[in-house]
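S.K.: Okay, predicted coordinates and the sequence, questions at the end:
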Amino acid sequence: MKELKIAQLSKVWFSIIAIFVVVALGSLFIRGLNFGIDFVGGTIITIDLHKTFETSEIKEIMDKYDDQATITYSGDSQDTVVISTRQDLDTATRQEIFNAFKDKYSLQDSDLISVDTVSATIGSEMTRNAIIAVAIACVLMLVYITFRFQFYYGVAAVLALVFDLLVVIGFYSLFQIQVNTPFIAAILTILGYGINDTIVVFDRIRENRELMPGASLDQIVNVSSTQTIKRSLYTSITTLLAIGAIYIFGVSDIRDFALPIIVGIVVSTYASICVATPIWQFMQEKRPVKTKGDKNRRNRRRSGSKKEKQPVV
């Protein structure tokens, strides 16, 4: 395979990173996130209709009360409707909604399976716990990579993960896709997948630094990226095929879990080579020089030239 010029295009990668970050942050500040009932609280009504239904039929009834209500189905026969509204409906409104369904589908009182209320306090607590879980995961990964590799490897890997998460969250904000509990599980899954892909690249860089002592950082990065890119692409494609099938044929809750993973896999594949590696190289080149000898060694590392042996007099 022809050697990739990853190092020489670092400015291009950083420019693409900047564009994605600006778009994601801009969308978050302007549009925000479309939090589901799990985070902002609300009411969940479950009704057994005894027949399959179209979402449009349910919306005709619910638009009068909340045109933003989420409608899903439950049960093996898909004849039970689950209505999630971010409004805290009082008892009279709940009964009025059920009466509308009774009239349309000829139901009995026993067909109202459950009415659950999710408080905003529980939602804020879930948001806080999700942020803490992501932060702890990133810190532990930084510690582990620093122990197994080097501090600069760990920082670059974590920054690449932050880029992954920011792009995925920005994607949800830009298209106003609802953020719910499965989204948090998917985010933690993306963290694990992304760090695994990055470690493969970094492990090859560490090996090649020993096998190519006279090579420049550009050469090491290019060779290592070329050697690992097929593995990264093959792994990502096969994973996407599996997750894509789950998204296409799965139920609503499974799709909510699969969609962020699909976006995260695509982003993390790019980030492992075009984000983490250039950041690591940049930090290696900019790290403080302690002594003149260190400076000379760094110059040789950048240029790839070996110090000539002086003849013994």
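M.R.: Done, it's in.

S.K.: Just to check, residue 39 is in contact with residue 128?
M.R.: No. Counting by C-beta atoms under 8 Å, residue 39 stays clear of residue 128, with 10.4 Å between them. To be clear about C-beta, it is placed using only N, CA and C from the backbone, and glycine gets the same treatment.

S.K.: With neighbour numbers in mind, choose between these two.
M.R.: The neighbour comparison of residue 39 against residue 128 (other C-beta atoms under 10 Å) goes to residue 39, with 25 against 10.

S.K.: so which strand or helix has that one?
M.R.: In the assignment (DSSP states H and E), residue 39 maps to helix 37-40.

S.K.: who touches residue 273 in this structure?
M.R.: 6, 201, 225, 228, 229, 232 (C-beta atoms under 8 Å, 6 or more residues apart in numbering).

S.K.: Tell me the one of those residues nearest residue 260?
M.R.: Of all those, residue 260 sits closest to residue 232, with 19.6 Å by C-beta to C-beta.

S.K.: ok, back up a step: which strands or helices does the helix holding residue 39 pack on?
M.R.: helix 120-148 (3 or more C-beta pairs under 8 Å, 6 or more residues apart in numbering; DSSP states H and E).

S.K.: So which bits of the helix it packs on are buried?
M.R.: Residues 123, 126, 127, 130, 134, 137, 138, 141, 142, 145, 146 are the ones in helix 120-148 that count as buried (16 or more other C-beta atoms under 10 Å).

S.K.: Stretch 214-223 too?
M.R.: Quick answer for stretch 214-223 (16+ other C-beta under 10 Å): 215, 216, 217, 218, 219, 220, 221, 222, 223.

S.K.: Reformat those as a markdown table; add secondary structure and distance to residue 245.
M.R.: Formatted as a markdown table, the buried residues of stretch 214-223 follow (DSSP: H, G, I helix; E, B strand; the rest coil; distance: C-beta to C-beta, whole Å):
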| residue | secondary structure | distance to residue 245 |
| --- | --- | --- |
| 215 | coil | 43 |
| 216 | coil | 44 |
| 217 | helix | 41 |
| 218 | helix | 40 |
| 219 | helix | 41 |
| 220 | helix | 38 |
| 221 | helix | 35 |
| 222 | helix | 35 |
| 223 | helix | 35 |
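
S.K.: and which of those is nearest to residue 108?
M.R.: Distances from residue 108 to those, taken by C-beta to C-beta, are shortest for residue 221, at 68.9 Å.

S.K.: count of neighbours near the closest residue to that closest one other than its chain neighbours?
M.R.: Closest residue to residue 221 apart from its sequence neighbours, by C-beta to C-beta, 6 or more residues apart in numbering: residue 7 at 4.3 Å. If you count neighbours by other C-beta under 10 Å, residue 7 ends up with 20.
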